[in-house]
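1. sequence-free structure coming up:
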């Protein structure tokens, strides 16, 4: 395995927490960063630029995580073009919100959120996991949310999706631990990103003991630790990073 080029794949790596993770992994490891994005190529290129500015290198990989065929085709094509490469780290970060009260929620708003977070996790991880097991080493980190732990009103769909990934993280961790593959989840609270830009930060921070929103870089440092060799004995865990809002 030593002569193979090693990659870390970050889904939804074009913005926010995903971008911060790409940059942090580039700083902390020798991994080449595989930046997955869905539509926004300009944002993805910006992530790649920041990875390179941090002294790392990477590539863009376009597919929609909800489309199983596109995921398979994208990853297989990439592997064909990189015969000597191996994806050793999978960061399942892609996710969307479509908030609204459950009684008014459309089937589409339910399905889209479940599809992106939960089925996206399946499509990407299921396709790659065999190689991690054969290579007897791997790191899987799933980005979940405080919503998946305590439930958030107006986010029944998002809470359901993230809660399901938390359960999947715990089950999968037990299946693959013997092969030195760890599976953990990171559960952010309120983090300053595009996704939270509509929220009333001034009001909301009153309920956060730390009295502020978190930074994407703070989440990225935690993910980076879980990817490191120092975290080899941590698996099946959900690590909260939320300023004390919920534990």
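-> Received, thanks. On a predicted model such as this, the values are computed, not experimentally measured, just so you know.

2. For the most centrally placed residue in the chain, give me its contacts.
-> Nearest to the mean C-alpha position of the chain, by C-alpha atoms, centre = their mean, lies residue 93 at 2.1 Å. Applying C-beta atoms under 8 Å, 6 or more residues apart in numbering, we find residue 93 in contact with 10-13, 17-18, 21, 143. No exception for glycine: its C-beta is placed from N, CA and C like everyone else's.

3. Quick check: residue 193 touching residue 15?
-> Yes. Using C-beta atoms under 8 Å, residue 193 is in contact with residue 15, at 7.2 Å.

4. Give me the buried positions along the longest helix that the chain contains.
-> When the chain is parsed with DSSP state H, its longest helix is helix 156-176. Using 16 or more other C-beta atoms under 10 Å as the test for burial, helix 156-176 gives 156-166, 168-170, 172-173, 176.

5. Excluding chain neighbours, what is closest to residue 78?
-> Distances taken as C-beta to C-beta, 6 or more residues apart in numbering place residue 61 nearest to residue 78, at 5.9 Å, with adjacent residues excluded.

6. ignore the last one, residue 27
-> In space, residue 27 is closest to residue 54, 4.9 Å off (C-beta to C-beta, 6+ apart).

7. Quick check: pLDDT value at that neighbour.
-> Residue 54 is assigned 97 on the pLDDT scale.

8. dump the residue contacts of it.
-> 23, 26-27.

9. One more pass at 10 Å, please.
-> 22-28, 33 (C-beta atoms under 10 Å, 6 or more residues apart in numbering).

10. again with residue 102
-> 110, 153-157, 159-160.

11. farthest pair in those?
-> The distance between the two most remote of the contacts of residue 102 (C-beta to C-beta) is 15.5 Å, for 110 and 153.

12. Where does residue 142 sit, in terms of helix or strand?
-> Using DSSP states H and E, residue 142 maps to strand 138-143.

13. same for the next helix or strand after that strand, what does it pack against?
-> Following strand 138-143 in sequence order, the next helix or strand is helix 146-150 (DSSP H and E). If you count contacts as 3 or more C-beta pairs under 10 Å, 6 or more residues apart in numbering; DSSP states H and E, helix 146-150 packs onto helix 156-176, strand 181-188, strand 238-241.

14. Tell me which residues are up against helix 146-150.
-> Contact with helix 146-150 is made by 97, 99, 117, 142, 152-167, 185, 187-190, 238, 240-243, 245-247, as judged by C-beta under 10 Å, 6+ apart.

15. about what we covered before: just the contacts of residue 93: which are in helices?
-> Short answer: those in helices (DSSP H) are 17-18, 21.

16. Sweet, I'm off.
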